[in-house]
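[1] Sharing a sequence plus its predicted fold:
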Amino acid sequence: MNLASIPSPSTGVIELGPIPLRGYAFCIIIGVFVAVWIGNRRWVARGGKAGTVADIAVWAVPFGLVGGRLYHVITDYQLYFSDGQNWVDAFKIWEGGLGIWGAVALGAVGAWIACRRRGIPLPAWADALAPALAIAQAIGRWGNWFNQELYGKPTDLPWALEISEGPNRVAGTYHPTFLYESLWCIGVALLVIWADRRFKLGHGRAFALYVAAYCAGRGWIEYMRVDEAHHVLGLRLNVWTAIVVFVLAVAYIVISAKLRPGREEIVEPDRDAEAAAKKDGADGTDAPEADSDPLEKDATAKQAADTDAPSEGAAPEAADKS
């Protein structure tokens, strides 16, 4: 018998007057804005310009949404393309279904394009954004609470999640895996911030630490879930993905630390150029403008010489005073 539990929302839609806003989409949007805000503060602290994170996010976010949806649809294709299912539902992203692996992978492609256009090193930008991404995930996971999805095994713990009867779900109390992952992501963000300050992580190592720490938690949280998923050698596909990505992230940290120790000194060349120009202007050391026409300069000099020279036959001024 449960003496306490976490209730689920009666509806997954928030009514804003005539505009219906789905709770899942609302959590994703809030997560993106918070991530950009935190990332901007960290980027400026690293030596970048304010607004750069938002400019790059304009590329990264759409790519990430497409990548996250593609990963979900591909790995759970039976939900959309099996008998009795409507393939059009694959485009209904507001109903839930984003794979973090695809979101980060394709989002990185969008960020790389934007960084390349601005001459910014992608690893430095990723390091600044790493804890912000973890916080965004912590917020975004509450979208699963609105949709009553991705919960764990049945339990009677005081923090059990109440699930109502619905399509593909049975009423009862279950492990709130969305809450576990949300809290884990907050811990990951704090870990990355601490390690970045303590060890001055650079060249993508802060981002790799975020990836490794997230995968460590996602592995055991994924193991608790009871929703349908593909299994490989007895483990859910996402568990294997977490293991592989964790190993790659740790390997990157070790190899990168040996090949490129320390942290980038310049993260945004444009800012350094602007700062140098302002400094020169304040010191009054601006280089003089180049002469527009060398012939004009020679003519001017000749005219000045002719004016200063005394007229022929004229007595010097000094002789008048003798």
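    Looks like it arrived, so ask away. Numbers count the residues shown, from 1 in each chain.
[2] Output the below-cut-off pLDDT ranges for the stretch 151-300 of the chain.
    Scanning the stretch 151-300 of the chain for pLDDT under 70 picks out 271-300.
[3] change it to 80
    167-168, 228-229, 270-300 (pLDDT under 80).
[4] In it, what residue spans correspond to strands?
    Ranges of strands in the stretch 151-300 of the chain, per DSSP state E, counting those that start in this stretch, are 161-163, 172-174, 231-232, 235-236.
[5] Tell me how far the last one lies from the chain's centre.
    Just to be clear, that refers to strand 235-236. When C-alpha coordinates are averaged (Cα atoms, centre = their mean, to the nearest Å), strand 235-236 and its chain have centres 29 Å apart.
[6] what about Gly67, distance to Ala130?
    The gap separating Gly67 from Ala130 is 18 Å, by Cβ to Cβ, to the nearest Å. Placement of C-beta: from N, CA and C, glycine included.
[7] Which residue ranges of the stretch 151-300 of the chain form helices?
    In the stretch 151-300 of the chain, the helices defined using DSSP state H, counting those that start in this stretch lie at 177-199, 205-224, 237-259, 269-283, 294-308.
[8] Same list, those, but as a markdown table with distance to Ala45 please.
    Shown next, in a markdown table, are the helices of the stretch 151-300 of the chain (distance: least, Cβ to Cβ, whole Å):
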| stretch | distance to Ala45 |
| --- | --- |
| helix 177-199 | 10 |
| helix 205-224 | 13 |
| helix 237-259 | 21 |
| helix 269-283 | 13 |
| helix 294-308 | 49 |
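[9] For the ones you listed, give me a markdown table that also has mean neighbour count and distance to Gly48.
    Putting the helices of the stretch 151-300 of the chain into a markdown table (neighbours: other Cβ atoms under 10 Å; distance: least, Cβ to Cβ, whole Å) gives the following:
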| stretch | mean neighbour count | distance to Gly48 |
| --- | --- | --- |
| helix 177-199 | 18 | 15 |
| helix 205-224 | 22 | 14 |
| helix 237-259 | 16 | 20 |
| helix 269-283 | 11 | 6 |
| helix 294-308 | 9 | 43 |
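[10] Alpha carbons only: can I get stretch 77-86 in PDB?
    Extracted in PDB, the C-alpha atoms of stretch 77-86 (Å, rounded to 0.1, in the frame of the first residue of the first chain):
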ATOM      1  CA  TYR A  77      10.200   2.100 -35.900                       C
ATOM      2  CA  GLN A  78       7.600  -0.500 -34.900                       C
ATOM      3  CA  LEU A  79       5.600   2.400 -33.200                       C
ATOM      4  CA  TYR A  80       5.100   4.000 -36.600                       C
ATOM      5  CA  PHE A  81       5.600   1.600 -39.400                       C
ATOM      6  CA  SER A  82       4.200  -1.700 -38.200                       C
ATOM      7  CA  ASP A  83       0.700  -3.000 -39.000                       C
ATOM      8  CA  GLY A  84      -2.000  -0.800 -37.500                       C
ATOM      9  CA  GLN A  85       0.300   2.200 -37.000                       C
ATOM     10  CA  ASN A  86       0.100   5.500 -38.800                       C
END
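[11] From Val32, how far off is the residue most central in space within the chain?
    Centre of the chain computed as the mean C-alpha position; nearest residue by Cα atoms, centre = their mean is Leu129, 4.6 Å away. Leu129 sits 11 Å away from Val32, going by Cβ to Cβ.
[12] With Trp145 instead?
    Remark: distance between Trp145 and Val32 (Cβ to Cβ) = 18 Å.
[13] And the two? Which one has more around it.
    Neighbours per residue (other Cβ atoms under 10 Å) separate Trp145 from Val32, with Trp145 holding more: 23 against 19.
[14] isn't the more buried one right up against Tyr180?
    No. Counting by Cβ atoms under 8 Å, Trp145 sits too far from Tyr180 to count as a contact (11.9 Å).
[15] list the buried ones in stretch 152-170?
    For stretch 152-170, a neighbour-count test (16 or more other Cβ atoms under 10 Å) marks Gly152, Thr155, Ala160, Leu161, Glu162, Ile163 as buried.
[16] looking at it, Ser164 is touching Gln148, isn't it?
    Yes. Contact between Ser164 and Gln148 holds when scored by Cβ under 8 Å: they sit 6.7 Å apart.
[17] neighbour count winner among Gly67 and Ala130?
    Of the pair Gly67 and Ala130, Ala130 is the one with more neighbours under other Cβ under 10 Å, namely 29 against 23.
[18] Work out for me the element the more buried one sits within.
    Element membership for Ala130, per DSSP states H and E: helix 122-140.
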